[in-house]
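1. Sharing a model that was predicted from the sequence below.
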Amino acid sequence: MSKREIYIEKMKLQLDELDAKMDKLEVQAQVAKDNARDKYKEEMAKLRQQSKLAKGKLAELMAAGEDTWETMVTEMEKIRDAFIHSFSYFKSQL
């Protein structure tokens, strides 16, 4: 083999190896993308549950009598604050 042929063969091998590494990386990126999508759906479900809890507590607050609604305000605010915090954190991760 000539020096040129050896060089070409060596370069071809290196490029083929890089292509194989790129293919592997692409598969890893797809898996990460799928995992991210799954995590997104999971977190959205948690946020929807928190929203449902907050709306339920608001309904309780609205139905409460004049003499009891003030005692529910603190709990309502805690639920709302937790929901806002969770939402803000989730949004910051996107």
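-> That came through, no problem. Numbers count the residues shown, from 1 in each chain.

2. Check which helices and strands the helix ranked longest in the chain is in contact with.
-> Across the chain, the longest stretch assigned as helix under DSSP state H is helix 3-63. Judged by 3 or more C-beta pairs under 8 Å, 6 or more residues apart in numbering; DSSP states H and E, the packing partners of helix 3-63 are helix 69-93. In short, each C-beta sits where N, CA and C put it, glycine included.

3. Let me see the confidence value for the residue nearest to the spatial centre of the chain.
-> The chain has Y40 as the residue nearest its centroid, 3.6 Å off, counting by C-alpha atoms, centre = their mean. For Y40, the model assigns a pLDDT of 85.

4. now the one 5 residues further on
-> Here the pLDDT value assigned to A45 is 92.

5. Based on its surroundings, how many neighbours for it?
-> Using other C-beta atoms under 10 Å, A45 has 10 other residues around it.

6. separation between it and T71?
-> 31 Å (C-beta to C-beta, to the nearest Å).

7. that older thread, off-centre distance for the longest helix of the chain?
-> Centre-to-centre, helix 3-63 and its host chain are 10 Å apart (C-alpha atoms, centre = their mean, to the nearest Å).

8. Which strands or helices does the lowest-mean-pLDDT helix or strand in the chain pack on?
-> Every helix and strand in the chain was compared by mean pLDDT, DSSP states H and E; the lowest is helix 69-93, with a mean of 87. Contact here means 3+ C-beta pairs under 8 Å, 6+ apart; on that basis helix 69-93 packs against helix 3-63.

9. what angle separates the helix it packs on from helix 69-93?
-> Interaxial angle of helix 3-63 relative to helix 69-93 (axes from the mean of the first three to the mean of the last three C-alpha atoms, to 10 degrees): 170 degrees.

10. quick one, what contacts the residue nearest to the centre of the chain?
-> By C-beta atoms under 8 Å, 6 or more residues apart in numbering, the contact set of Y40 is empty.

11. and it, how far is that from Y7?
-> 48 Å.

12. Also E75?
-> 75 Å.

13. Perfect, that will be all.
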